[in-house]
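Enquirer: How does the following fold in three dimensions:
(one chain, ligands or ions: 1)
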Amino acid sequence: MSKLIIVPTPIGNLDDLTLRAIEVLKHADVILAEDTRTSSVLLHHFGIEKKMFSHHAFNEHHTMPKIIEMLLSGVNMALISDAGTPGISDPGFLLIRECIKNNIDVECLPGPSAFLPALVVSGLPSDRFCFEGFLPVKKGRQTALKKLTVEDRTMIFYESPHRLLKSLHDFQLHFGTERKVSVSRELTKKFEETIRGTLTEVIQHFEKHSPKGEFVIVVSGLS
Ligand code: SAM
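Expert: Predicted structure coming up:
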């Protein structure tokens, strides 16, 4: 029986690739990668020479039948994305759902993802939380924000540096100026930092220090 194994990869620090992940990548027949050029740097670093197939948001519908056919014929596959856990704001969900439909075994190794360390270091309640990923940029954005005004769990968002302030301002508008927030950037990397405070305070910080790098925003729920 072949298997699809989901393999989380580092979100910055290459030492975060687990020993099991290295073993799985070494032994898979094929590695499905979001960007084969990005992943070849990682694989090369660990001395893994393996055939890679590209599987990304723009070709996943097209490549799916072939991948399912290969899995059904006994080819073992590992799925990786550019960083973190596939399926978390990255391709993976559609393929996993299709494998389950076809009775193909799916396994996910535990490993890096940006939202969990950001939640834990935020100091905001981590017993109940919701992951919102990237907010819609235009259509559906206001509806999503409106729904979240009554959310009482800690909320986690991914954001790009050039939209960080726009999102923080939108949160201020919908959740109020005094709502607690924690913004983590460049997790596991050289310039990792976390800025905590009220939305007003954190906005002031990023108005003085222009946002650079990758960001996770963690917002306190309605209390
Ligand atoms: N699959 C990934 C995961 O498991 O976290 C997420 C991929 S998503 C395309 C990329 C977003 O994740 C970035 O825009 C940022 O919001 C967040 N992210 C990824 N790496 C990060 C890091 N080192 N520090 C902070 N945020 C990060």
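Enquirer: OK, now which residue of this structure is nearest to the ligand?
Expert: Nearest to the ligand in the chain, going by CB to the nearest ligand atom, is residue 84, at a distance of 2.4 Å. Every residue, glycine included, has its C-beta placed from N, CA and C.
Enquirer: what about stretch 192-210, average pLDDT?
Expert: Averaging pLDDT along stretch 192-210 gives 98.
Enquirer: Who does the residue of the chain closest to the ligand form a beta bridge with?
Expert: Under DSSP bridges, the beta-bridge partners of residue 84 are residue 9.
Enquirer: from memory it sits against residue 116, does it?
Expert: No - at 9.7 Å, residue 84 does not count as touching residue 116 under the criterion of CB atoms under 8 Å.
Enquirer: ok, residues contacting the helix or strand where residue 142 lies?
Expert: When elements are assigned from DSSP states H and E, residue 142 belongs to helix 141-148. Contact with helix 141-148 is made by 132, 135-136, 155, 170-171, 174-175, as judged by CB atoms under 8 Å, 6 or more residues apart in numbering.
Enquirer: Show me what counts as buried in it.
Expert: Of all the residues in helix 141-148, those buried under the rule 16 or more other CB atoms under 10 Å are 145, 148.
Enquirer: near the ligand at all, whatever helix or strand comes next after that helix?
Expert: Under the assignment DSSP H and E, the closest C-terminal helix or strand after helix 141-148 is strand 154-159. Yes - contact of strand 154-159 with the ligand (CB under 6 Å from any ligand atom) involves 158-159.
Enquirer: Paired strands for strand 154-159, with orientation please.
Expert: Strand pairing for strand 154-159, using DSSP bridges, gives strand 129-134 (parallel), strand 215-219 (antiparallel).
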